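**Student:** following is a predicted model, sequence given first.
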Amino acid sequence: MQNNGGVHGGGSSFSRRLREEESEHSIIFRDAVVEIYENGEEMRHLDDSNKQLISKEPRMVEPCGSRSEGPHNWCHRGLSRRFLRQQDKSWSGNNFGAYRDDDGRPVVLQCVREAEARIAGSEFLESVSASVSSKMVEESVKLVYGKESDVVKEGRVAGVQALSGTGACRLFAEFQRRFHPESRIYLPDPTWSNHHNIWRDAQVPERTFHYYDPDSKGLNFSSLIDDVKNAPDGSFFLLHPCAHNPTGVDPTIEQWREISYQFKVKNHFPFFDMAYQGFASGNLDQDAQAIRIFLEDDHLVGCAQSFAKNMGLYGYRVGCLSILCADSNQVGPIRSQLQRIARAVYSSPPVHGVLLVSTILSDPYLKSLWIEEVKTMANRVRRMRTTLQDSLERLDSPLSWEHITNQVGFFCFSGLTPEQVNRLAREFHIYMTHDGRISMAGVTTDNVSYLANAIHEVTRSDQEAKILCNV
Amino acid sequence: MAVRNSMLNRLLSRSSDLGVARWMSSSSSSSWWKSVEPAPKDPILGVTEAFLADPSPDKVNVGVGAYRDDNGKPVVLDCVREAERRIAGSSFMEYLPMGGSVKMVEETLKLAYGENSELIKDKRIAAVQSLSGTGACRLFADFQKRFHPDSQIYIPVPTWANHHNIWRDAHVPQRTYHYYHPETKGLDFAGLMDDIKNAPNGSFFLLHACAHNPTGVDPSEEQWKEISYQFKVKGHFPFFDMAYQGFASGDPERDAKAIRIFLEDGHLFGIAQSYAKNMGLYGQRVGCLSVLCEDEKQAVAVKSQLQQLARPMYSNPPLHGALIVSTILGDADLKNLWLKEVKVMADRIIGMRTALQENLEKLRSPLSWEHITNQIGMFCYSGMTPEQVDRLTNEFHIYLTRNGRISMAGVTTGNVGYLANAIHEVTKSA
């Protein structure tokens, strides 16, 4: 077994501490730091935003399911990613939601480079000037609701900048708690794990609603609708408008219409977390379709927007929270309350990201460049989906892999079991979250066959079982 | 209209649905946020707004706590410009770890705890990058609530207004302790010591490490030693908000004196640090929260818990400011340049304090203005009443907060004479 520097290297390397490497200009470290004490007694999961599982307390490290690997082969049940050196070609190690090009490298968009050049030196004001802030919010909400939409034209959108999608969700959760203190939030099952943390830390009780159907690896629509109907009237729901994280399973247009209708009947509050606009279909408007449907039905929605992925501005923490109002008089009060909440958390949002977004979205040339670049990224991911599925089919895998291309966005819920995921890690140095979520954004033409082969290998027993059943 | 019709059609085709009648009769979606009242306005922002709206050519803004040069202009430090140049075109824009930039945090701890601090070497400090000082305070307040849910926070009177918001939103009950003495325009040391002694053992106290905001009144070294001693006796937890290191005396080491005294006495405390003022990185929101622990193991656990709090707030802290700070502090030349520039800023303010006081004395003001040069840092608590402040604004177009706080950073050689005259006018009959 190859010692690739990952935690599963075995032998004396298990006591090695994976360190963050930082150079003068870039910070290479991006995955979790795992520390294992010398005697294997304690392990902490230091996590970042894209992990599926978070461990809150130190946990005992346990040996893998099969005892044959010996004492140094630890299964990290909570650990979804390990740091791999760049040179390891077997797998880019990218299992979190950051886009990679076909060489497996992170991408800085051209529109961002140009925007940077334009803003250089101009951002050292005490806070972002009011006009830049409001410009950024204005342009951001147009992306969500459509620039010709009534709500935008009538000035009925209360929008504020936020610390990316996380910050927008948290701001909303705090706002919800403050003005609907008895309410709960309904979260889809599954959802991005941090959603649970956000509403919990805001002290809003949670419930879940059916979403993913493991048998079809698609949407459990009938149960979803049942849950919508059975929830008390006026419940708050969190919805992913496109490119659901972690499953990649999105409702169809018709299904969205049905969901919107039921929401109207039940007078539920729809809160959208839109972290991947542009990444699902390659088209920004199309990816906002769910929200536009709700708008047609006169819902007053809320929306968290992130520019982390679709503008590649991950580390700058820039996003937007918007809440629709019945009339424009409500906008001022709502904004002031959101800003008041934010003031006691971080005072004002970091200026660099806001300036970049504002510059790009306000300039027609930069904006159209950005739209092209998003399309390119989305298309690459879709091509990888097709290629992966084709590869598996060419290997004569008797299992169905249609879900790879049915699902949308960054992630594919492969259907692999935790045991199979562990085998992928141990035998093939392919790392993914234990729920079998593959980051398609990390798949490249270089590694897709390797990935397909590996998946085929570890699903052999499934295949055998299937063949046996068919006999 | 067409939209409503299509919705109507869909509904009519499902008219058996019980919910239809309910929906048709109510416009309940308008009531989601009916109860939302406008939040109270930030008094300091109000001052700036009024200043901007004033057409008078003589107007002076001594309200906002941001540094200005002698021409009244905001300043971008040279070390920052150079750092920006170096990091421009970086190919890395991805997420920092939850705890932020390790390099930046390391350098920041050296500033607070000492360049060669054993505590840093022994890894006894749990530290994470934070969203400037505000973010550091809030993270600490949430941490305090989580692990000492029955505790309170003792906050000085007066203090930066946002301190109250922070601990309140973290659901930590607040008490105040005596600090400013209006009669002397200095420290109410006796009142302060009484409050420390009378607080229940093991209370949490917020202390301004230097350049107290808004009064500019700092304890002397001797007084800090006494405070530290009493804290030891009572087993209190000291939390330092250090937003102005370097700005008070011009020497960051000197400005950290209070912290070093507490370190000598073996306290375990927390610190919020900010680069907003001393590096002029206001909008970048870069700072650090550190909690001194008994040993490395505890520090590891505390850090992981701080990260667990940060994750559902913002996942990971912003990159740009951290890169600037670590570039500057990680390069000996840039760091020296920064230290020089901080001194220039602090010296200019000290110079303006002297000039303002001298001007008032030359006008033969009957009042004592010693407090102007006794106080330290960005702010001067002038002792003027709200009515006097109103006169300054209405008659002289001078803008400041109604508590009489003058931002010395807004005073220039160009306006100090005018300011002194105006202050003399409104106070001479006092």
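**Tutor:** Sure, I can see it. Numbers count the residues shown, from 1 in each chain, chains lettered A, B, ... in the order given.
**Student:** for the stretch 151-300 of chain A, which residue gets nearest to chain B?
**Tutor:** Per C-beta to the nearest C-beta, A:V265 is where the stretch 151-300 of chain A lies closest to chain B, at 3.3 Å. Backbone N, C-alpha and C define where each C-beta goes, glycine included.
**Student:** chain center to the strand or helix carrying that residue, what's the gap?
**Tutor:** Under the criterion of DSSP states H and E, A:V265 resides in helix A:253-266. Mean-position distance between helix A:253-266 and its chain equals 24 Å (C-alpha atoms, centre = their mean, to the nearest Å).
**Student:** could you pull out the buried residues of that helix?
**Tutor:** A:256-266 (16 or more other C-beta atoms under 10 Å in any protein chain shown).
**Student:** which residues of the stretch 51-200 of chain B fall in strands?
**Tutor:** For the stretch 51-200 of chain B, the strands defined by DSSP state E, counting those that start in this stretch occupy B:60-61, B:125-130, B:153-157, B:174-178, B:180-181, B:186-187.
**Student:** ok so, going back, closest to B:A209 among the buried residues of helix A:253-266?
**Tutor:** In terms of C-beta to C-beta, no member of the buried residues of helix A:253-266 lies closer to B:A209 than A:F263, at 51.8 Å.
**Student:** you'd agree that closest one is up against A:V228?
**Tutor:** Yes. Assessed by C-beta atoms under 8 Å, A:F263 is found in contact with A:V228 at 6.7 Å.
**Student:** any residues in contact with both of the two?
**Tutor:** Taking C-beta atoms under 8 Å, 6 or more residues apart in numbering or on different chains as the criterion, A:F263 and A:V228 both touch A:F237.
**Student:** in TSV: the buried residues of helix A:253-266, plus distance to A:V448 and pLDDT.
**Tutor:** What follows is the buried residues of helix A:253-266, written out as TSV (distance: C-beta to C-beta, whole Å; pLDDT from 0 to 100):
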residue	distance to A:V448	pLDDT
A:W256	31	98
A:R257	36	98
A:E258	36	98
A:I259	34	98
A:S260	37	98
A:Y261	40	98
A:Q262	40	98
A:F263	39	98
A:K264	43	97
A:V265	45	97
A:K266	44	97
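**Student:** reformat these as CSV; add distance to A:R113.
**Tutor:** What follows is the buried residues of helix A:253-266, written out as CSV (distance: C-beta to C-beta, whole Å):
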residue, distance to A:R113
A:W256, 36
A:R257, 40
A:E258, 43
A:I259, 40
A:S260, 39
A:Y261, 44
A:Q262, 45
A:F263, 41
A:K264, 44
A:V265, 48
A:K266, 47
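**Student:** pick the most deeply packed of the strands of the stretch 51-200 of chain B.
**Tutor:** strand B:125-130 (a mean of 27; mean count of other C-beta atoms under 10 Å in any protein chain shown).
**Student:** average pLDDT for it?
**Tutor:** For strand B:125-130, mean pLDDT is 98.
**Student:** and the average pLDDT for stretch B:92-103 is what?
**Tutor:** Throughout stretch B:92-103, pLDDT has a mean value of 92.
**Student:** how far off centre is that stretch?
**Tutor:** Taking mean C-alpha positions (C-alpha atoms, centre = their mean), stretch B:92-103 and its chain are 23 Å apart.
**Student:** next: stretch A:180-194.
**Tutor:** Using C-alpha atoms, centre = their mean, the offset of stretch A:180-194 from its chain centre is 16 Å.
**Student:** just the terminal-to-terminal distance for that stretch.
**Tutor:** Terminal residues of stretch A:180-194 are spaced 22 Å apart (C-alpha to C-alpha, to the nearest Å).
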